Structures are given as structure tokens and as C-alpha cells.
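Enquirer: Make a model of this:
(chains A and B)
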Amino acid sequence: MTLPGFPEAAPLEGLAGGVLIGLAAALMLLALGRIAGVSGLAARAVGLGGSGIARSGAWMFIIGLPLGALIVLLASGGIAASFANPLTLGIAGLLVGIGTSLGSGCTSGHGVCGISRLSGRSVVATVTFMIAGIATVAVMNAFGLAVQ
Amino acid sequence: MMRPSIVSLLSGTLFGAGLALGGMTDPARVRGFLDLFGDWDPTLAFVMGGAVIVMAIAWRLVPRMSEPLLDGQFHLPTRSDLTPRLIGGAALFGIGWGIAGLCPGPGIAALVIEPAAAAIFVIAMLGGMALVRIFEGARS
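Expert: Now for the predicted structure:
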């Protein structure tokens, strides 16, 4: 199914993917009583703070991420992906690491778990990183900065 | 009784599958969502909407539970203060997100899709987290 006016959009796949992410986060919350925040769990896994979950549990969640993507990859026969050049990826990764550490979360912890809980901190963080992301892409496009 | 670590693995696997299925492991699609003033791709809004709806239901169940299914208590954030650190951190994260179209979950999940590129992003991200730890350790 396509969305009128947005030929590139994949609304059904997006919604299905979102429901899976919601189920993943709900499992974490209702079974273990914890927030499925990827930045915090990644930091915890490698011993850089983050959430208070057992490090082995954090590792299991983090290992699951590529495992789940691999299942979709094998089932679908291919996943479109277009990545930036190495320098751009390095700069972006550094900013994402610093930003999620200072801001106590990313798209999953603040954007999914926090918004659905109506946490004031998460709503403010999500609005902030959305505006920053939109502004960054707009500025890069305005100056013709390609990332490939 | 399922062991907590198996639940974590299952949760991470569902999460990674959802990211890949929803197209979030393609940085070009994520940047397409952030390209609000250009060729906008609303797919990410559907991903976020689906996830938030399911989680909103899950949050309604929490007050009815005395404890999580496999733990003695809930471990949930309790802070409500809006600090410059929160907003500044979120802004820096958003800039990095916009530059490459990757946030932590998709970056890690993409290790099986575009291993070299995803690894550069993930290592740099962990480096950024380490920098904050070092800087904060030096200040306190």
C-alpha cells in the first residue's frame, strides 16, 4: 500500500514495525519492569553507565537488535539501506553518543517509552531532538551537503 | 519460568525486527522523515505511532500490577525536572541523528545489513558516551 502524495512512504510496513517495537518495549516493561531504551542499554552493556539492569541482560537485548534485523533480512531477501560516508558516520556517531548520554535517552527511551507514558522530560527531549534533526537536514540540504 | 536474560534477548530481537521491517535501518528513509521541508517521507511517523499505541496500553497495565512478571519491583525513571543538560543533550543527539540518519537502535541493528558503516557509527557513539563519562569523572 502506498500513501497518496507520498509514493516513497511505506505506511503498513512502518505500522507493523512500530507494533513490533511496541511489543518489545512492553515485554521489557511488564516482564522486567524496565525501560527499553537502546542508548542506556548499550551504555550499560559496555560498562558506561546507563540503566541499572544486569550487564548480561543489557548485552542480550543489544545482541537481539541485529539478530531481529537478520531475521527480517533473511525472510525478505534484502533490506534497502543507504549509508553516509565513513567520516560523516563517525561525526554523527560521536554526537549521538554524547547527546544521548547527556540527554538520558534516545528515540526508544524518550520517543517510544517516555512519550507513551506522557513523561514531561521525554516529551521535551523528543520535541527537541526532532526539531534539531529536521533543522540539521534542512541546513545540509540548503548548503548542498551530500552525505553519501 | 522464563529467565530474565532470555526475555531481554527476545525483547531486543523483536525490537530489531521491528526496526528493520519498518524501514528504520535505512538511514536514507530516516533522513527522508526529517526532510520536512523537502521530499518528506512520513514512514517514521507510522513506526512511532504503532510503537506508542502498544506502549500506551502497556503503561495502563502497570498500576494494576504489584510487581513485574519476572522481577520484584519496577525500575522506572522518576525525574521530572527539565534541565539544560536534558535539552542540550537531546539537541546534540538530534543533530547527529539528522547528519547520518541513524540513532542508537537502528545503528546497532544495521550491523548485519551494512556491517562496516554501522560499526563506524556504533564505535563512534560508544566513544561519545565514554567522553561524557570521562569529562564528568574529571569534574566530580
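Enquirer: Report the central residue of chain B.
Expert: By CA atoms, centre = their mean, the mean C-alpha position of chain B lies nearest to B:G105, the distance being 4.9 Å.
Enquirer: right, I mislabeled it, should have said chain A
Expert: Nearest to the geometric centre of chain A sits A:T107, at 4.6 Å (CA atoms, centre = their mean).
Enquirer: Nearest residue to that residue in space, please, no chain neighbours.
Expert: Residue nearest to A:T107 in three dimensions, not counting chain neighbours: B:C103, with 4.5 Å by CB to CB, 6 or more residues apart in numbering or on different chains. The way it works is simple: take the backbone N, C-alpha and C, and place the C-beta from them, glycine included.
Enquirer: I'd guessed that neighbour sits against A:H110; true?
Expert: No - using CB atoms under 8 Å, B:C103 is not in contact with A:H110; the gap is 10.5 Å.
Enquirer: Does anything pack onto the lengthiest helix in chain B? Which helices or strands?
Expert: As assigned by DSSP state H, the longest helix anywhere in chain B is helix B:115-139. For helix B:115-139, the elements it packs on are helix A:38-45, helix A:86-102, helix B:104-109, judged by 3 or more CB pairs under 8 Å, 6 or more residues apart in numbering or on different chains; DSSP states H and E.
Enquirer: same thing but at 10 Å, please
Expert: Using 3 or more CB pairs under 10 Å, 6 or more residues apart in numbering or on different chains; DSSP states H and E as the contact criterion, the neighbours of helix B:115-139 among helices and strands are helix A:38-45, helix A:55-76, helix A:86-102, helix B:27-34, helix B:84-100, helix B:104-109.
Enquirer: low pLDDT regions in chain B?
Expert: Scanning chain B for pLDDT under 70 picks out the ranges B:1, B:140.
Enquirer: Show me what counts as buried in stretch A:116-135.
Expert: By 16 or more other CB atoms under 10 Å in any protein chain shown, the buried positions in stretch A:116-135 come out as A:116-117, A:119, A:121-126, A:128-135.
Enquirer: cool, and stretch B:104-116?
Expert: By neighbour count, and taking 16+ other CB under 10 Å as the criterion, the buried residues in stretch B:104-116 are B:104-114.
Enquirer: same question, stretch B:83-91
Expert: For stretch B:83-91, a neighbour-count test (16+ other CB under 10 Å) marks B:86-87, B:89-91 as buried.
Enquirer: quick one on the thing from earlier: what about the residue nearest to A:T107, how many neighbours?
Expert: Counted by other CB atoms under 10 Å in any protein chain shown, the residues lying close to B:C103 total 30.
Enquirer: Need the phi and psi values for it.
Expert: According to degrees, to the nearest 10, the main-chain angles of B:C103 amount to phi -120, psi 180.
Enquirer: Contact partners for it?
Expert: Contacts for B:C103 were tallied using CB atoms under 10 Å, 6 or more residues apart in numbering or on different chains; they are A:38-39, A:92, A:96, A:99-100, A:106-108, A:111, A:129, A:133, B:19, B:24, B:27, B:30, B:93-94, B:96-97, B:121, B:125.
Enquirer: B:A90 versus that one, what's the distance?
Expert: B:C103 sits 12 Å away from B:A90, going by CB to CB, to the nearest Å.
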